[in-house]
Structure formats: C-alpha cells, structure tokens
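Visitor: Build me a structure from this.
(one chain, ligands or ions: 1)
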Amino acid sequence: MDQTQNEQYKRRIQEMDRRISNLERVLKLTQVINSTLEKAPLLEIIIQAATELTNTESASIMLLDQNSGDLRFEATTAAEVKPFAVPIDGSIAGTVLKENRALLVRDARSDPRWYQNVDEASGFVTRSIMAVPMEVRGKVIGVVEAINKRSAAEMTWDDVQILVTLANQAAIAIQKAQLLAELQAAYDELNELDQMKSNFIAIAAHELRTPLSVILGYAMFLKQDVSGTAEEQLDIVLQSAMRLRSLIDDMANLREVDSGVASLDLTEFPVQDLVSSVVGEIRSIAAAKGQHISVAMPRSPIFVQADRSKMHIVLMNLLSNAVKFTGRAGRIGVRVQGTDRQTSLMVWDTGIGISEENISRIFDRFYQIEPSLARQYEGMGLGLAIAKEMVALHRGHIRVHSRVGQGSAFTVTIPIRQSMVAQEREEAQNP
Ligand code: ADP
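Guide: Okay, here's the model as predicted:
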C-alpha cells in the first residue's frame, strides 16, 4: 500500500467516523423528539436539534396549514415570533414545499426567493440557508431551515443530508402531536356536548315532573268521586301518567349516574322490607295481566347497608321488565338469599327470554332487542343500564340466565355492608 492510498483510506475512515457520530447524534435527538407529544415544545426541540446537528446559528420551522393551504412560519431560534404566513410562490421554503426537494442557498441576499421578514423583525442577518422538506407518507407537511454556519466553513450537501434525516423524523413526531391535539379537541368537544345533554335532561326532567304531579294528583282525587266508565277512563289516565313518570325518572337517574352526582345514601334495613314494598307496588300491574308474583325469602331479616331508594329503582326496573316481557298468566318470582357477607335478589319470569347473542348487550344504554320501528313493548332501553350502574355503585354485580321462549332470571348480588368492601380491599392490599 503506498502513501497516497494510505492517506485515502485514512480520510475515508475519518469521514465514516464523522457520519456515524452524526447519525448517533440524530438518533439521540430523535428519541427526545419522539417522546414529546405537545406541539409547541416539540417545535422548539426540533429547531434546537437542527442548529446543533448542522452547527448553524439559527433554525426555523414552517408548517403547512391543511385547512387554509398556507405555509405558516411557526418558530425560530433567532427570535420569538407569532406564527405568520410565508408566501408559497417565490419563497425558498415555498419552493421546497412545492417541489419536495432540499435547497442549499449559499448567498441568501442575492437569491430573489429569500423572504426577509424575519430578519427585519429580529435584527438577525441571514447569509446562507439550507431548507429541507418534512415528509410523512409521501406528503410534505412543512419545511425546516438552518441558517449561517457557525464556523467560517461553507454549508455543504452533507449538512443538508443531516437536516433531511432529522426533518423526516421530526415530521412523524409533528403529525403524531397534531393528531393527538385533534383527538383531544374532539374529546373535549364531546365532553362539552355530553355536559349539555346532561343539563338538558336534568332541566327537562324537572320541568316535566311538576305538571305531571298535578295531573296524577287530580286524577287520583277525581277517581274517588266517580264510578263506571269514567272510573275506567281515569284509570287509563293514571296508568299513562305513571308510565310517563317512570320514563322521566329513568332519564333523571341516568343523568345522576352520568354526572357523578350519584353517591350512596346508606342506611341499614332488612332487604325483605325492600322486596315487599316493590312487589306491593307492582302487584296490581301484574294482576292486570293475569300474572302472579311469588316471593321466596328467609324469615329472619337480612340486614343490608345500602342506598334504599337506589336499590328500589334496581328491583323495580327488573320487576317491571319481568312483567313487561312475560305474557298473560305467566309466572314471576323474587327469591332472596343471604350469607354473612352478601345478599342476592333474583327476579325470574317465564316470559319471552333473551337469546345468547343479546345477553351481552341488554345492559347497554338504549339497547332493546326489538327493532325500534316495530316495537310491541314500551321503554327506552335504559332500565337495565341504570340498574347495573346502581348495583356497581354498591360494589355488587348483576347476572342473567335466560332461554328464549322459557324465561329469564336476573340476579343482583351486593355486599351486606359497604364498610366490609373497604376493609376487604385493605386486607388484600396489606395481607
Ligand atoms: P326497556 O325495558 O326500557 O326496553 P331495559 O334496559 O330495561 O330497557 O331492557 C333492555 C332490553 O332487554 C329490553 O328492551 C328487552 O329486549 C330485554 N329484556 C330486559 N329484561 C327482560 C326480560 N325479563 N325478559 C326478556 N327480555 C328482557
């Protein structure tokens, strides 16, 4: 190997070393870039990385606004700027964007495409520029520029290549941040709409309840004074008004669970009392369909610590469904069981039953098995969703077994004391 060949090898090795160390620096910086999810700090990191990797005095970043089609100057290390539009036609960045290729301009001031606004605003003096496109999946989303070498050295295409490598990584990170911001905005909007919906439901339920109480009150009052056909007609008025009240209650209960207002108002009572009172309320409606409700519960009281009115709603919803989805002369039953830890209430019927594919969906809000246009049964598809959420508030669960054409059995299980749940959790955490 002669002297010159030796020199050549040495130079090549030095060159490769330099490239490898540059790539290592790009890799390190892209790790930081990739882990930054917010747009403003991300842009800041990208322009800092651009100056560092290319050893330049300043760097800036421009992004294409997908809606307006403007190329917007977003940030520079030279000064603090508010975003402004850079002309696409005739500017260096615009050319890079349109033609999707890097540019190296060694004497910016003599290039007619140089856009001097930033220099004028910041007092910075631009001599040379390299500008590269930021490309994701074949689409240019913006441009990164690096300005003036720090040393006396000239800008080279090697520098441009480093900037291209950085820009490609930066483009992916920016798009990720933009998508995340859009997702967050959509999520915020959804939350706002949800809040509006909740408020609307609360107001509507409140406004409907008052006149309905008046109708119910007068109808009951009048019923005492009339007989014959008038009494039958009043019964229909009363039934419809009560049905309306239960729909309004469902709306209000759902809103309560949704808005997180729902908390437990705990008292201790025998679960048998609750069952008797709910069965007592619904018995006449079942009797009108020729249905019999049988109740099986232990003689000695099972005391539960629970929110009585919420458990009332749960049991009422299950029993109303049993009555609704069971034909004339069908059988309906409630069975109560208890241990020293929990109590379970089973509501069973010999009604139409639920197919396996529907069982997983009946607890979803507004889900009804019957197609809504050909409905035979009334309802909003909220009863089970509300029941499930109220049972969950008690840290319990609802299970269902059913056979189409044979009937269904819904079993609610709740701990008999809420304090026991907390204690058990503590024991599990600190065994
Ligand atoms: P709604 O009864 O107001 O329609 P629910 O949330 O209470 O709403 O019930 C959802 C659906 O589950 C009902 O529409 C019905 O198709 C089915 N379902 C609920 N309970 C029973 C039952 N006991 N027997 C048969 N189907 C039932």
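
Visitor: Run through the residues of the stretch 301-431 of the chain sitting next to the ligand.
Guide: 317, 321-322, 325, 349, 351-354, 362, 367-370, 379-385, 408 (Cβ under 6 Å from any ligand atom). Heads up, the C-betas are built off the backbone N, CA and C, glycines and all.

Visitor: In contact with the single nearest residue of the stretch 101-250 of the chain relative to the ligand, which residues are there?
Guide: Nearest residue of the stretch 101-250 of the chain to the ligand, counting by Cβ to the nearest ligand atom: residue 250, 7.4 Å away. Contacts for residue 250 (Cβ atoms under 8 Å, 6 or more residues apart in numbering) come out as 380, 382, 383, 386.

Visitor: 6 Å instead, please
Guide: Neighbouring residues of residue 250 by Cβ atoms under 6 Å, 6 or more residues apart in numbering: residue 382.

Visitor: right, and residue 413 touches residue 395 too?
Guide: No - look at residue 413 against residue 395 with Cβ atoms under 6 Å: they stay out of range, at 10.1 Å.

Visitor: Give me the more crowded residue out of the two.
Guide: Per other Cβ atoms under 10 Å, whichever of residue 413 and residue 395 has more neighbours is residue 413, with 18 against 15.

Visitor: The more buried one bridge partners, please.
Guide: residue 344, residue 397 (DSSP bridges).

Visitor: measure it to residue 398 for me?
Guide: 8 Å (Cβ to Cβ, to the nearest Å).

Visitor: just checking, residue 136 touches residue 173?
Guide: No - taking contacts as Cβ under 6 Å, residue 136 lies outside contact range of residue 173: 9.7 Å.

Visitor: Comparing the two, which residue is more hemmed in?
Guide: residue 173 (23 against 16).

Visitor: Looking at the nearest residue to that one once chain neighbours are set aside now. What's its pLDDT?
Guide: Distances taken as Cβ to Cβ, 6 or more residues apart in numbering place residue 33 nearest to residue 173, at 4.7 Å, with adjacent residues excluded. With respect to pLDDT, residue 33 scores 89.

Visitor: got the contact list for residue 33?
Guide: 45, 170, 173.

Visitor: part of a helix, is the second one?
Guide: This points to residue 170. Yes - secondary structure of residue 170 (DSSP: H, G, I helix; E, B strand; the rest coil): part of a helix.

Visitor: what's the distance between stretch 79-96 and the middle of its chain?
Guide: Relative to the mean C-alpha coordinate of its chain, stretch 79-96 is positioned 37 Å out (Cα atoms, centre = their mean, to the nearest Å).

Visitor: what's the answer for stretch 18-35, then?
Guide: Worked out by Cα atoms, centre = their mean, stretch 18-35 lies 35 Å from the chain centre.

Visitor: That stretch: which residues count as buried?
Guide: Across stretch 18-35, burial judged by 16 or more other Cβ atoms under 10 Å covers 22, 26, 29, 30, 33.

Visitor: for stretch 322-331, same thing?
Guide: Going by 16+ other Cβ under 10 Å, stretch 322-331 has these buried residues: 322, 323, 324, 325, 326, 330, 331.

Visitor: again with stretch 134-141
Guide: Applying 16+ other Cβ under 10 Å to stretch 134-141 flags 134, 135, 136, 140, 141 as buried.

Visitor: give me the beta-bridge partners of the third one?
Guide: On DSSP bridges, the residues paired with residue 136 through beta bridges are residue 139.

Visitor: same thing with residue 64?
Guide: residue 71.

Visitor: In strands, which of the residues of the stretch 301-431 of the chain next to the ligand appear?
Guide: 349, 408 (DSSP state E).

Visitor: Kindly reformat the buried residues of stretch 322-331 as JSON lines containing pLDDT.
Guide: Listed next are the buried residues of stretch 322-331 as JSON lines, based on pLDDT from 0 to 100:
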{"residue": "322", "pLDDT": "97"}
{"residue": "323", "pLDDT": "95"}
{"residue": "324", "pLDDT": "93"}
{"residue": "325", "pLDDT": "95"}
{"residue": "326", "pLDDT": "96"}
{"residue": "330", "pLDDT": "94"}
{"residue": "331", "pLDDT": "96"}
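
Visitor: which of these sit farthest apart?
Guide: 324 and 331 (14.5 Å; Cβ to Cβ).

Visitor: which residues touch residue 169?
Guide: Counted by Cβ under 6 Å, 6+ apart, residue 169 has contacts residue 30.

Visitor: again, but for residue 349
Guide: Applying Cβ under 6 Å, 6+ apart, the residues near residue 349 are 322, 326, 332, 407, 408.

Visitor: mind checking pLDDT for the residue lying closest to the second one once chain neighbours are set aside?
Guide: What that stands for is residue 326. Closest residue in space to residue 326, ignoring its immediate chain neighbours: residue 351 at 3.3 Å, by Cβ to Cβ, 6+ apart. pLDDT recorded at residue 351 is 96.

Visitor: I'd assumed residue 334 was in a strand, is it?
Guide: Yes - under three-state DSSP, residue 334 falls within a strand.

Visitor: Residue 54 is in contact with residue 159, isn't it?
Guide: Yes - at 4.7 Å, residue 54 counts as touching residue 159 under the criterion of Cβ under 6 Å.
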